[in-house]
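Chemist: What would the 3D arrangement of this be:
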Amino acid sequence: MRTWTAWAGLACLIGLPGCNKLADKLVEQAEKQAQKQAATPESKQQAEEVDKDGQLADKLSEYISCLNGATRNVFDSKSRYLEWIKDEKVGPTGKERHVYALHEIYQADSCIKDIDEAKAKQPPLADIDAAAQTYRGALEKVTADVKLAHGYYTQEDYKDDKFAKAKQMHPTLMASFDAFKAANDSFETKVVALNEEVGKRQLEKISKDPERALEFKQRSVVNSAKALVKAAEVKTLKELDGASYDATLEAYGKTVTELDDYVTKNPAEASDVSLFSSFVSDSKELLKSAKELSRRKRDNKDFTKEYAAYAYQIDGHPAQVIQKFNELVSESNRLNYDSLYRKKAEAKAKATP
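Modeler: Below you'll find the model as predicted:
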């Protein structure tokens, strides 16, 4: 049973402590200095908002790490398991031509550590913290069940017991996968909602700072990509709303062009940001894949009728769009603006009498 998992990574919060700590410190230092010079009630309120968002970002970055790591591991493991099983309700029959071992959940330990650290951080987030604990329990259960099955299939023990244990494990495995998905969906929904809320505030703040123009355009690409991947997340070509998708695609393409133009005109800035060229390249790869999906809709070229070892290997398949988006997000989360902002701060200090 060939399957593909609709999974899209989460971008680290815009310009906040989970992503670019030095950049944030430089910006916050400048803001605090300005606030000292004009200690008005309004400036104090702004300082409190910056501190609050900084705490939220630091805490959420731990949860986002889980959703980008352990969650993907679990979904990949399930997909691998169901690749060779004809009917997931029935499970292994012993008559399968190919048998593949499940992938282990290798990021479970680091995720559990992240959850425990996040729980101890301020501010308390009752709903999210509770959902994180439910997620933690479901992750521990599915990790243990997958580990047992992984050993069984890796050692090919089914050749000795005629799939007896395989049949016995199947209901437990599927129940663990289902329980984890339910816990993950609730947890992810809550984290994404708060992540988007804080991210919008920060993007608006960055847009007003000419010193952060490159970062603003880069983050705008990621923001637009989120809308694009949501529109592309369909199981069949018929489900895709062509007009709406094309409008989202056009908006994303515009942000990519604007970033590319800025980099062309300001190459020194981009060269001061580690891995920036890779991000630009990934943004164009996502655009290319997204355009292929649009062409499939236009030409009514069904992606389900094409075969590949993995769905993301098929040009214009929604799974490929999601894969390219995940690569873009990973590259975005690795970007480091430290050197750029350090140079800007030093230049500004030298220019000040």
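Chemist: any chance you could map the helices in the chain?
Modeler: 21-37, 41-68, 70-82, 108-120, 126-154, 158-161, 164-207, 213-232, 242-265, 267-271, 276-299, 318-334, 338-351 (DSSP state H).
Chemist: who's in contact with the fourth one?
Modeler: Under the criterion CB atoms under 8 Å, 6 or more residues apart in numbering, residues 59-60, 62-63, 65-66, 69-70, 73, 129, 132-133, 135-136, 139-140, 143 lie in contact with helix 108-120. Just so you know, the C-beta spots here come from the backbone N, C-alpha and C atoms, and that holds for glycine as well.
Chemist: Just the buried ones from those residues?
Modeler: Among the contacts of helix 108-120, those classed as buried by 16 or more other CB atoms under 10 Å are 59-60, 62-63, 65-66, 69-70, 73, 129, 132, 135-136, 139-140, 143.
Chemist: Where does pLDDT dip in this structure?
Modeler: Confidence mapping of the chain against pLDDT under 70 gives the ranges 1-51.
Chemist: Format the helices of the chain as CSV; extra columns: distance to residue 96.
Modeler: Formatted as CSV, the helices of the chain follow (distance: least, CB to CB, whole Å):
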stretch, distance to residue 96
helix 21-37, 50
helix 41-68, 32
helix 70-82, 12
helix 108-120, 28
helix 126-154, 11
helix 158-161, 10
helix 164-207, 10
helix 213-232, 32
helix 242-265, 37
helix 267-271, 51
helix 276-299, 32
helix 318-334, 24
helix 338-351, 52
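Chemist: What values do phi and psi take at residue 125?
Modeler: The phi and psi values for residue 125, taken as degrees, to the nearest 10, are phi -120, psi 90.
Chemist: check contacts around it.
Modeler: Per CB under 8 Å, 6+ apart, neighbours of residue 125: 59, 194.
Chemist: Could you check how far it is from residue 71?
Modeler: Here the distance between residue 125 and residue 71 works out to 19 Å (CB to CB, to the nearest Å).
Chemist: What's the local residue count around residue 137?
Modeler: 13 (other CB atoms under 10 Å).
Chemist: does it really touch residue 183, like I thought?
Modeler: Yes. If you go by CB atoms under 8 Å, residue 137 and residue 183 touch, sitting 7.5 Å apart.
Chemist: Could you count how many residues lie near the residue nearest to residue 174 when sequence neighbours are not counted?
Modeler: Closest residue to residue 174 apart from its sequence neighbours, by CB to CB, 6 or more residues apart in numbering: residue 88 at 6.5 Å. By other CB under 10 Å, the residues close to residue 88 number 15.
Chemist: go on, residue 138?
Modeler: Neighbour count of residue 138, defined by other CB under 10 Å: 21.
Chemist: That one: what's it in contact with?
Modeler: 176, 179-180, 182-184.
Chemist: same thing but 10 Å
Modeler: Listed by CB atoms under 10 Å, 6 or more residues apart in numbering, the contact partners of residue 138 are 74, 176-184, 187.
Chemist: got it, and residue 316?
Modeler: Here residue 316 is in contact with 232, 237, 288-297, 299, 301, 303, 306 (CB under 10 Å, 6+ apart).
Chemist: Am I right that residue 275 is in contact with residue 331?
Modeler: Yes. In this structure, residue 275 is within contact of residue 331 by CB atoms under 10 Å, at 6.5 Å.
Chemist: which residues do these two both contact?
Modeler: Jointly contacting residue 275 and residue 331 under the rule CB under 10 Å, 6+ apart are residue 282.
Chemist: Buried residues in stretch 218-233, which are they?
Modeler: 218-226, 228-229, 231-233.
Chemist: what about that stretch, distance to the chain center?
Modeler: How far stretch 218-233 lies from its chain's middle: 11 Å, per CA atoms, centre = their mean, to the nearest Å.
Chemist: Could you measure from the closest residue to residue 244 other than its chain neighbours over to residue 135?
Modeler: Leaving aside its chain neighbours, residue 244 sits nearest to residue 231 (6.3 Å; criterion: CB to CB, 6+ apart). Using CB to CB, we find residue 231 at a distance of 27 Å from residue 135.
Chemist: hang on, the earlier thing: quick check: the residue nearest to residue 174 touching residue 170?
Modeler: Yes. When contacts are counted by CB under 10 Å, residue 88 is listed as touching residue 170 (8.5 Å).
Chemist: tell me, what's touching those two both at once?
Modeler: Shared contacts of residue 88 and residue 170, defined by CB under 10 Å, 6+ apart, are found at residue 81.
Chemist: picking that back up, from the contacts of residue 138, which would you call buried?
Modeler: Neighbour-count burial (16+ other CB under 10 Å) applied to the contacts of residue 138 gives 74, 176-177, 179-181, 183-184, 187.
Chemist: wait, isn't residue 292 in contact with residue 301?
Modeler: Yes. Using CB under 10 Å as the test, residue 292 is close enough to residue 301 to be in contact (9.5 Å).
Chemist: Please say which of those two ends up with more neighbours.
Modeler: With neighbours defined as other CB under 10 Å, residue 292 and residue 301 compare such that residue 292 has more, 17 against 14.
Chemist: Not including adjacent chain positions, what is the nearest residue to that one?
Modeler: Here the residue nearest residue 292, using CB to CB, 6+ apart, is residue 316, at 3.2 Å.
Chemist: quick one, phi psi at the one you found?
Modeler: According to degrees, to the nearest 10, residue 316 has phi 80, psi 10.
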